[in-house]
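[1] Give me coordinates for this.
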Amino acid sequence: MNDEAQQTLDWARKTAGDHVGEEILAAQMFCPRGAWGDKPRHLKRWLFRTFGVAGGGLHPLEREMSRLNVALLSPSSVVLCPLRTGSTAFTAEPPFARFDRNGLEASWKRRKVTATLQAGDTAASHRQSKIVVATLAPPGDEPLEIDLPDTKVTRFLREELSRSG
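    You can find the predicted model right below:
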């Protein structure tokens with residue numbers, strides 16, 4: 001595990017350990033589906049969160065998500081918590097979802113997305129990111145899609161959930 005992944009794991013164990021109730025094996029920050037460069041999804045998500053308009057196929061759990069969240073993997077479950085920014089650090093809020101690893105089906109798609117950042121009237125920069133779209137489908141419930149960065153921690157999550165699914 002690289003230094004950045006270890007720092008994230010140490011942070012998660014310290015700030016979100018009470019939300020999980022058992023050892024945290026991995027922690028990966030993630031965004032709601034479409035947050036990387038899919039502008040139409042931003043408007044749909046805002047309408048959904050603000051007015052409860054559910055059009056566009058958004059999952060009901062997206063009402064509880066923030067723009068940045070953390071997925072916590074424990075030996076028995078996957079816990080999803082929204083992150084809030086403080087004056088000096090992120091804090092993990094109480095979880096909006098907890099999925100038992102037994103029976104949880106997970107699928108993964110790798111993608112490249114381009115975000116356009118507008119700076120003033122004329123200048124724009126384009127940034128390409130590699131992401132993984134994870135679909136988490138608990139038994140008897142609607143599947144949830146989330147966007148994760150394509151990192152070693154995301155690959156570890158994929159391996160672990162493939163073993164337990």
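[2] Run a quick neighbour tally on the closest residue to Trp11 other than its chain neighbours.
    Sequence neighbours aside, Ala27 is the residue nearest to Trp11 in space, at 7.4 Å (criterion: CB to CB, 6 or more residues apart in numbering). C-beta here means a position set from N, CA and C on the backbone, and glycine is covered the same way. Counted with other CB atoms under 10 Å, the burial measure for Ala27 works out to 24 neighbours.
[3] contact partners of the host helix or strand of Ala27?
    When elements are assigned from DSSP states H and E, Ala27 belongs to strand 26-32. Contacts with strand 26-32, where a contact means CB atoms under 8 Å, 6 or more residues apart in numbering, come from 8-9, 11-13, 16, 41, 45, 62, 65, 67-73, 83, 134, 146-149, 151, 153-154, 156-157, 160.
[4] Now intersect those residues with the strands, please.
    Among those, the subset assigned to strands under DSSP state E consists of Asn69, Val70, Ala71, Leu72, Leu73, Leu83, Ala134, Ile146, Asp147, Leu148, Pro149.
[5] which sections of this protein are below the confidence cut-off?
    1, 34-58, 63, 115-126, 164-165 (pLDDT under 70).
[6] Geometric centre of it: which residue is closest?
    In the chain, the C-alpha closest to the average C-alpha coordinate belongs to Phe30, at a distance of 2.7 Å (CA atoms, centre = their mean).
[7] who does that residue bridge with?
    Applying DSSP bridges to Phe30 yields these beta-bridge partners: Asn69.
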